Each structure stands twice: as C-alpha cells, then as structure tokens.
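Asks: Provided below for reference: sequence and predicted model.
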Amino acid sequence: MGRIISFRGQLDMDVQETIPLSTIKGLIGYKIKKFQIMSATPGVGDVEFVAQIYKTLEASNINKTPDFSNNRLLAAVYYQDDSSASHSSSTEVIFDNEKFNQDIYINITSPIAASIRCNYYMVLEQMSLDLNESTMATLKDIRNIGAE
C-alpha cells in the first residue's frame, strides 16, 4: 500500500476543478480510494448533486448524468438531501482498478438546477510506477483527450 493523500474543497454547480497530480517523469501513480460530497448548506433545502471525477477535462458542456461506459470516468457520487425528512443519502462508485499519473478533473452538477455550492472530499493512494506502467497510464490519458 502506498502513501495516502487527500483533497477537499467546495465547488459551484457546473464548474470543473483541476486536481494537479502530473509530474515531469510520470513515475508516480494514483488510485481513488474514497470520494464523498456534501451540500454546503446541509439540511436547509432539498438538493440533489452528481459529482464526477474524470481523467481528462470535460468539454464545455459538462455531462450531468454519469455514463459508466465512458473510459475517462474515474468515480461518481450521487447525493440527495431532503430537508423535510431530515434525511440525506449518498451513493459512491469508484473504479478502483484505474491507475492514473496525470491531472484529474472534478465537477459537480445538479439535475434540479440548484445554485448551492457543494463540498467534496477525496482520498487517493499514491504509488510508484515503473517505466512501463507510467508509459501505459500516460498513453491511455493521451488517447482519451478529446474522446466523447
């Protein structure tokens, strides 16, 4: 098991944020171990969020519905907060067999057009890659650029 690192932040709806991970030689790889989200104002209103992490920058139109056949998708979370029932739920899906060595991109959207900000927290496992693993991870990322 490699070193564990984490990232946290807060995003507006339909905004992408870059998580800078790339190195000059690309010999450090990562796997997502945990990905969670929470409304910036929990319990205040009825909200639904979809957060996604991609290997490449999404086109100008961020996809609001996760597509598990998309080979650029690394993780997705669906979060729902119901203020009237004082209840929230979250479903997290992580494709943990995916190793990457480049920057990743997170976005958060809402199917009900909420303007509330959303918090995120992710945990990554960092590992050393040999030259072959590094080359494969980089080539997979290059092939995915612009793939829709």
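Replies: Okay, I see it.
Asks: C-alpha only now, for contacts and for neighbours.
Replies: Noted.
Asks: how close does the most far-flung residue of the chain relative to its centre get to Leu129?
Replies: The C-alpha centroid of the chain is most remote from Ser84, which lies 28.9 Å away (Cα atoms, centre = their mean). Distance of Ser84 to Leu129, computed by Cα to Cα, to the nearest Å: 49 Å.
Asks: Pull the contacting residues for the closest residue in space to Ala137 that isn't next to it in sequence.
Replies: Of all residues not flanking Ala137 in the chain, Phe100 sits nearest, at 5.5 Å (Cα to Cα, 6 or more residues apart in numbering). Listed by Cα atoms under 8 Å, 6 or more residues apart in numbering, the contact set of Phe100 reads 29-31, 55, 137-138, 141.
Asks: Also Phe95?
Replies: For Phe95, the contacting residues are 32, 74-75, by Cα under 8 Å, 6+ apart.
Asks: Among those residues, which one lies nearest to Phe49?
Replies: Closest approach between the contacts of Phe95 and Phe49, by Cα to Cα: Ala75, at 13.8 Å.
Asks: returning to what we had before: in strands, which of the contacts of Phe95 fall?
Replies: Mapping these onto strands (DSSP state E) picks out 32, 74-75.
Asks: So which residues of the chain form strands?
Replies: 3-11, 15-19, 28-39, 47-54, 73-82, 87-94, 104-109, 118-128.
Asks: any chance of those strands in JSON lines, plus mean neighbour count, distance to Thr65 and mean pLDDT?
Replies: Formatted as JSON lines, the strands of the chain follow (neighbours: other Cα atoms under 10 Å; distance: least, Cα to Cα, whole Å; pLDDT from 0 to 100):
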{"stretch": "strand 3-11", "mean neighbour count": "13", "distance to Thr65": "18", "mean pLDDT": "95"}
{"stretch": "strand 15-19", "mean neighbour count": "15", "distance to Thr65": "15", "mean pLDDT": "93"}
{"stretch": "strand 28-39", "mean neighbour count": "21", "distance to Thr65": "16", "mean pLDDT": "93"}
{"stretch": "strand 47-54", "mean neighbour count": "24", "distance to Thr65": "8", "mean pLDDT": "92"}
{"stretch": "strand 73-82", "mean neighbour count": "21", "distance to Thr65": "10", "mean pLDDT": "90"}
{"stretch": "strand 87-94", "mean neighbour count": "15", "distance to Thr65": "13", "mean pLDDT": "80"}
{"stretch": "strand 104-109", "mean neighbour count": "23", "distance to Thr65": "9", "mean pLDDT": "94"}
{"stretch": "strand 118-128", "mean neighbour count": "17", "distance to Thr65": "17", "mean pLDDT": "94"}
